[in-house]
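>>> Kindly return the folded structure for what I paste below:
(one chain, ligands or ions: 2)
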Amino acid sequence: MALFNSLSTRTFSQSARMSAAIQNVTVIGSGLMGAGIAQVAAQTGHKVTMVDIDDAAVEKAQKRIGDSIQRIAKKKFGGESAEANKFISDAIGRLTISTDAVSSVGSADLVVEAIVENLDVKKKLFTQLDQAAPSHTIFASNTSSLSIAKIADATNRKDRFGGLHFFNPVPVMKLLEIVRISETSEDTYNAMKTFGKNMGKVSVLCKDNPGFIANRLVVPYLLSAVRMVERGDATTRDVDTALKLGGGFPMGPFELFDHIGIDTLLFVSEHWEKLFPDDQAFKVPPTLTKLVKEGKFGKKSGEGFYKYGN
Ligand code: CAA
Ligand code: NAD
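Ligands and ions are numbered 1, 2, ... in the order given. Model (predicted):
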């Protein structure tokens, strides 16, 4: 798609400047979250490079961003108009895509990582980026469940490391959880807070505990919904209906599984089962393992607990 700039090779000055204002953002991972973070950062005036190792993921992300930004523009400007078109073209013009992470961080003020939920894969990426990024660059992970301190261990910039946990879909959900580890400097924390505000998000400060605030409550709820269906107490559809109509939830738990990605939630629950072996709340329900083995990841793969059309 010619709409987007593409980046194959480029060189950047690696000056070690200290700057609190985040202007250049590199987002690594262009899946559900990376695409959303890149889109909103570009919409709010940042220069953004979005990176993925997978060409097909980049293609999908461009389509998702194109669709989403149209919806945002329509809402913001009340339909098709010159202003709406300018909003879209300005945002797209600030967005560059790449398949090479290392060459994409040379002028970044902030790197937000949103790749697969796996500690070793994230650490490997950050070790490479730590050598390539200027010294002022702040690193953040969008992890749902992993320890920010353990990810930061892969770098020599723990004072410039934190968690920026966005929610899905990023263009709609207002919350940003900011995770501070003991080494995160005041400057870094303030820069992350300002960045969140500039992105239009409301931030809450979290300790580096598993699941931070929201997921620590939501994930055990999701897992117990699966157990309820595994016990034969109710059907998937009835559980979703009950929570939506009886609780005012925008999605039932199984719709939420499919929305987040069952693969991601399996990573989270397997990790937490190891962390809390005696806590029944974190036991992985067999249904999740089965669905992931079958490639049923949710909406993103076309099928999860439910089936989706194109
Ligand atoms: N981009 C832009 N706008 C979008 C959008 C997108 N991707 N998705 C929805 N919207 C907008 C629509 O334009 C629409 O706006 P208006 O009402 O002003 O017209 C509005 O959002 C509602 O959209 P829809 O009518 O299409 O669909 P909906 O009413 O079912 O809402 C939803 C969709 C916002 C996703 C809603 O179902 C919802 O809030 N679901 C719960 C999502 C949730 O819980 N997210 C958090 C997951 S946990 C997480 O993210 C953390 C983790 O680590 C796993
Ligand atoms: P996803 O599966 O949709 O996308 C992940 C992307 O990362 C894929 O496109 C993959 O090709 C790419 N990738 C993998 N390794 C890479 C590497 N080394 N370099 C560059 N790209 C790489 O996943 P997602 O749902 O976007 O989740 C990403 C992160 O955000 C995870 O840590 C997840 O826990 C977290 N998160 C997810 C949600 C959610 O609702 N899905 C919400 C908040 C946070």
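>>> And the helices in the stretch 101-250 of the chain?
119-132, 148-152, 186-198, 214-230, 236-247 (DSSP state H, counting those that start in this stretch).
>>> Show me which residues of the stretch 201-310 of the chain sit near ligand 2.
Neighbours of ligand 2 within the stretch 201-310 of the chain, by CB under 6 Å from any ligand atom: 260, 261, 264, 300. All C-beta atoms are positioned from the backbone trio N, CA, C, and that covers glycine.
>>> top of those residues by neighbour count?
residue 260 (26 neighbours; other CB atoms under 10 Å).
>>> Not counting sequence-adjacent ones, nearest residue to that residue?
Nearest residue to residue 260, sequence neighbours excluded (CB to CB, 6 or more residues apart in numbering): residue 168, at 6.2 Å.
>>> ok, residue 295 - how many residues close by?
By other CB under 10 Å, neighbour count at residue 295 equals 10.
>>> what's the closest residue to residue 175 other than its chain neighbours in contact with, if anything?
Computed as CB to CB, 6+ apart, the closest residue to residue 175 that is not its neighbour in sequence is residue 167, at 5.1 Å. Contact analysis of residue 167 by CB atoms under 8 Å, 6 or more residues apart in numbering lists 173, 175, 176, 214.
>>> hey, which helix or strand in this structure has the poorest pLDDT?
Every helix and strand in the chain was compared by mean pLDDT, DSSP states H and E; the lowest is strand 5-7, with a mean of 58.
>>> Name the next helix or strand downstream of that one, please.
Per DSSP states H and E, the first helix or strand lying C-terminal to strand 5-7 is strand 24-28.
>>> Neighbouring strands - and their directions - for that following strand?
Strand pairing for strand 24-28, determined by DSSP bridges: strand 47-51 (parallel), strand 110-113 (parallel).
>>> Thought residue 142 was touching residue 166, still the case?
Yes: contact criterion CB atoms under 8 Å: residue 166 and residue 142 qualify, at 5.8 Å.
>>> more crowded one of the two?
residue 142 (25 against 21).
>>> residues in the stretch 151-300 of the chain within reach of ligand 1, list them.
Contact residues (CB under 6 Å from any ligand atom) of the stretch 151-300 of the chain with ligand 1: 167, 168, 169, 171, 172, 173, 215, 250, 251, 256, 259, 260.
>>> Most neighbours among those residues, which one is it?
Within those, neighbour counts (other CB under 10 Å) peak at residue 260, which reaches 26 neighbours.
>>> Show the contacting residues for that residue.
Listed by CB under 8 Å, 6+ apart, the contact partners of residue 260 are 32, 168, 298.
>>> so which of the residues you listed comes closest to ligand 1?
Taking CB to the nearest ligand atom as the measure, residue 168 is the one of the contacts of residue 260 closest to ligand 1, at 3.7 Å.
>>> so what's the backbone phi/psi at that closest one?
Residue 168 has phi and psi values of phi -100, psi 120 when expressed as degrees, to the nearest 10.
>>> ok, it - contacts?
Neighbouring residues of residue 168 by CB under 8 Å, 6+ apart: 32, 33, 36, 259, 260.
>>> What residue in the stretch 1-150 of the chain comes nearest to ligand 2?
Nearest residue of the stretch 1-150 of the chain to ligand 2: residue 31, at 1.8 Å (CB to the nearest ligand atom).
>>> That residue contacts residue 56, doesn't it?
No: shown here, residue 31 and residue 56 do not form a contact pair, counting by CB under 8 Å, at 11.0 Å.
>>> So between those two, which is more surrounded?
Using other CB under 10 Å as the criterion, residue 31 and residue 56 rank with residue 31 on top: 19 against 8.
>>> pLDDT score for the more buried one?
On the pLDDT scale, residue 31 is placed at 97.
>>> now do the one 10 residues further on
Note on residue 41: pLDDT of 98.
>>> Pull the number of nearby residues for it.
Neighbour count of residue 41, defined by other CB under 10 Å: 27.
>>> residue contacts, it?
25, 27, 48, 112, 199.
>>> Pick out the residue closest to the middle of the protein.
Closest to where the C-alpha atoms of the chain average out (CA atoms, centre = their mean) is residue 33, at 3.4 Å.
>>> secondary structure element for it?
Per DSSP H and E, residue 33 falls inside helix 32-43.
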